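Chemist: only geometry, no sequence info:
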């Protein structure tokens with residue numbers, strides 16, 4: 001008995017010693033590393049981990065963020081705390097699933113139907129409000145777009161297979177190719193993707209794959225595949241993918257791109273990355289069917305006139321009734337005589353031309369057309385400046401001589417309608433700078449002499 005009692009006493013003495021040792025050891029918080037003497041009594045977790053009340057409170061607040069309820073760690077009884085029970089309670093308190101927020105700006109989806117589809121003459125009338133001239137081009141586009149969407153809306157593909165009305169627009173720079181397509185898509189309220197053929201290369205080379213044009217259309221349709229499949233894709237600078245002549249290197253940005261575009265133009269199911277233009281990006285893929293997507297290609301085709309002249313002069317003969325070699329040199333719109341053979345000689349492969357049945361040309365801009373472009377469209381350049389000065393309570397006017405002088409300068413630059421803004425910006429700079437200084441100016445008239453650097457604009461003071 002005495003031995004058992006001694007052992008028991010020794011065990012008790014050992015426990016007391018261990019407790020004393022524990023009291024001598026100061027614990028530090030696992031998260032903030034502050035000592036227990038500074039934070040107060042700590043919460044003991046398994047594996048000898050100690051957490052101070054402040055860090056515990058912050059952890060609970062961040063975990064729940066209001067969804068787990070409120071637990072005040074500072075008021076917990078740390079001596080009698082059942083940590084296992086707390087963890088079980090927290091596991092049972094599952095946060096509510098987050099609801100997807102609806103996009104406020106997203107408009108309700110409108111289904112296309114035959115009644116709402118404007119007839120060709122109405123489409124052309126709407127284009128007339130924004131685009132000057134190019135009557136033939138507007139007529140062709142109006143009919144092609146009407147037939148295309150009539151085919152899409154009525155699903156006649158299943159009964160009688162109607163081919164797509166893909167278009168090829170040929171015209172000099174600045175004649176309104178891109179502007180026509182932008183205006184058309186805005187009026188029809190369909191997704192539009194405008195891309196540049198110069199950045200396209202064969203798959204596996206630096207540059208964009210041909211599928212990137214579909215990625216841009218998908219982005220324009222807010223990643224709605226069904227809406228994107230009824231959209232319009234405009235590929236500009238299509239002449240830059242012409243077959244390279246007499247080259248020994250691989251033609252990765254010419255004929256190879258034309259071959260890659262064939263399946264898109266014809267109609268095929270293509271895998272497209274969502275939210276990126278690169279297939280190698282780590283993004284989800286979706287499938288788009290291109291059979292109902294309208295493709296419009298446009299290009300300036302420089303030097304195509306030389307090929308047309310060469311073909312037309314093949315029948316030259318000798319004698320008094322013979323055609324002269326310079327007969328077509330003065331013809332302004334010779335590009336209107338273009339044929340598929342001319343495009344083939346330029347470098348477009350027959351399969352590509354065959355998938356663009358609607359080939360038409362745009363006229364080069366004349367001086368009279370440039371004057372109309374300055375003042376007649378709904379968003380004409382002059383109207384924009386008049387509106388800007390109207391906000392300063394100043395009336396801006398251009399006399400006829402000034403408009404003709406601006407048009408003449410634009411013709412000399414040979415960049416089409418794009419030259420108009422550059423010229424007007426130059427002459428309006430001083431006026432836009434000086435007028436806000438003087439509140440007494442009421443009217444400014446731009447004259448021909450001012451445009452030709454021989455005088456200054458006429459300034460009239462407002463009535464006091």
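Modeler: Thanks, I have it. Predicted model, so just to flag it, every value in this text is computed and none were measured.
Chemist: mind listing the helices for the stretch 151-300 of the chain?
Modeler: In order along the chain, the stretch 151-300 of the chain carries the following helices (DSSP state H, counting those that start in this stretch): 177-188, 212-220, 225-228, 255-266.
Chemist: now for those, which one comes closest to residue 434?
Modeler: Residue 434 lies closest, by Cβ to Cβ, to one member of those: helix 177-188, at 32.0 Å. (Each C-beta comes from the backbone N, C-alpha and C, glycine too.)
Chemist: who's in contact with the closest one?
Modeler: Applying Cβ atoms under 8 Å, 6 or more residues apart in numbering, the contact partners of helix 177-188 are 118, 123, 126-127, 130-131, 134, 137-138, 141, 145, 149, 169, 171, 191-192, 194, 232, 234, 236, 296, 298, 362, 417.
Chemist: swap in stretch 351-360?
Modeler: By Cβ under 8 Å, 6+ apart, the list of residues contacting stretch 351-360 from outside reads 136-137, 140, 144, 163, 165-170, 258-259, 261-262, 265-266, 295, 297, 338, 340, 343-344.
Chemist: check contacts around residue 142.
Modeler: Residue 142 makes contacts with 120, 121, 123, 124, 127, as judged by Cβ under 8 Å, 6+ apart.
Chemist: filter these to the buried ones?
Modeler: Buried members of the contacts of residue 142, counted by 16 or more other Cβ atoms under 10 Å: 120, 123, 124, 127.
Chemist: mind putting those residues in TSV, distance to residue 390, pLDDT and secondary structure included?
Modeler: Rendered in TSV, the data for these read as follows (distance: Cβ to Cβ, whole Å; pLDDT from 0 to 100; DSSP: H, G, I helix; E, B strand; the rest coil):
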residue	distance to residue 390	pLDDT	secondary structure
120	37	89	helix
123	32	89	helix
124	31	91	helix
127	27	89	helix
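Chemist: just flag the most distant two among those residues.
Modeler: The farthest-apart pair in those, when distances are taken by Cβ to Cβ, is 120 and 127, at 10.5 Å.
Chemist: before we move on, the earlier item: out of the helices of the stretch 151-300 of the chain, nearest to residue 459?
Modeler: helix 177-188 (33.7 Å).
Chemist: distance between the closest one and the chain's centre?
Modeler: For helix 177-188, the separation from the chain centroid amounts to 14 Å (computed by Cα atoms, centre = their mean, to the nearest Å).
Chemist: residue 128 touches residue 139, doesn't it?
Modeler: No. Contact between residue 128 and residue 139 fails when scored by Cβ atoms under 8 Å: they sit 10.7 Å apart.
Chemist: now a ChimeraX select for only the buried ones of the contacts of helix 177-188.
Modeler: Once 16+ other Cβ under 10 Å is used to decide burial, the buried members of the contacts of helix 177-188 can be selected in ChimeraX as follows:
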select :118,123,126,127,130,131,134,137,138,141,145,149,169,171,191,192,194,232,234,236,296,298,362,417
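Chemist: quick one: the strands in the stretch 351-464 of the chain?
Modeler: Secondary structure of the stretch 351-464 of the chain, counting by DSSP state E, counting those that start in this stretch: strands at 358-361, 395-398, 441-446, 458-461.
Chemist: ok, and what's touching the longest one?
Modeler: Surrounding strand 441-446, the residues in contact under the criterion Cβ under 8 Å, 6+ apart are 389, 393-399, 402, 427, 431, 435, 457-463.
Chemist: distance check, residue 44 against residue 55.
Modeler: Taking Cβ to Cβ, to the nearest Å as the criterion, residue 44 is separated from residue 55 by 13 Å.
Chemist: neighbour-wise, which of these two wins?
Modeler: Set side by side, residue 44 and residue 55 show more neighbours around residue 55, with 20 against 13, by other Cβ atoms under 10 Å.
Chemist: skipping its backbone neighbours, what lies nearest that one in space?
Modeler: Leaving out its chain neighbours, the residue that sits closest to residue 55 by Cβ to Cβ, 6 or more residues apart in numbering is residue 31, at 4.1 Å.
Chemist: what's the answer for residue 428, then?
Modeler: Here the nearest residue to residue 428 in space, its sequence neighbours aside, is residue 385; by Cβ to Cβ, 6+ apart that works out to 6.0 Å.
Chemist: cool, and residue 117?
Modeler: Leaving aside its sequence neighbours, residue 117 sits nearest to residue 149 (Cβ to Cβ, 6+ apart; 5.6 Å).
Chemist: work out for me the element the one you found sits within.
Modeler: Using DSSP states H and E, residue 149 sits in helix 135-154.
Chemist: state the mean pLDDT of that helix.
Modeler: Taken as a whole, helix 135-154 has a mean pLDDT of 85.
Chemist: for residue 452, see how far away residue 401 is.
Modeler: Computed as Cβ to Cβ, the residue 401 to residue 452 distance reads 9 Å.
Chemist: ugh, wrong one, I meant residue 349
Modeler: Using Cβ to Cβ, one gets 49 Å for the distance from residue 349 to residue 452.
Chemist: ok, now residue 422?
Modeler: Counting by Cβ to Cβ, the separation of residue 422 from residue 452 is 17 Å.
Chemist: what are the contacting residues of stretch 457-464?
Modeler: Residues from elsewhere that reach stretch 457-464 (Cβ under 8 Å, 6+ apart): 393, 431, 440, 441, 442, 443, 444, 445, 446, 447, 450.
Chemist: any idea how far the fourth one is from residue 448?
Modeler: When Cβ to Cβ is applied, the distance between residue 441 and residue 448 equals 21 Å.
Chemist: quick one on the thing from earlier: and the residue nearest to residue 55, what does it touch?
Modeler: Residues in contact with residue 31 (Cβ under 8 Å, 6+ apart) are 51, 52, 55, 59.
Chemist: the residues you listed into CSV, with extra columns for pLDDT, distance to residue 291 and secondary structure?
Modeler: Listed next are those as CSV, based on pLDDT from 0 to 100; distance: Cβ to Cβ, whole Å; DSSP: H, G, I helix; E, B strand; the rest coil:
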residue, pLDDT, distance to residue 291, secondary structure
51, 84, 63, strand
52, 86, 66, coil
55, 82, 61, helix
59, 76, 56, helix
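Chemist: would you format these as CSV with distance to residue 309 included?
Modeler: Rendered in CSV, the data for the contacts of residue 31 read as follows (distance: Cβ to Cβ, whole Å):
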residue, distance to residue 309
51, 88
52, 90
55, 85
59, 82
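Chemist: so where's the stretch 151-300 of the chain shaky on pLDDT?
Modeler: Counting by pLDDT under 70, the stretch 151-300 of the chain contains low-confidence ranges at 155-162, 246-248, 276-282.
Chemist: one more time with 90
Modeler: Across the stretch 151-300 of the chain, the stretches falling below the confidence threshold (pLDDT under 90) are 151-165, 171-213, 215-216, 219-232, 240-257, 259-260, 263, 266-286, 291-292, 300.
Chemist: measure stretch 404-420 end to end?
Modeler: In stretch 404-420, first residue to last residue: 11 Å (Cα to Cα, to the nearest Å).
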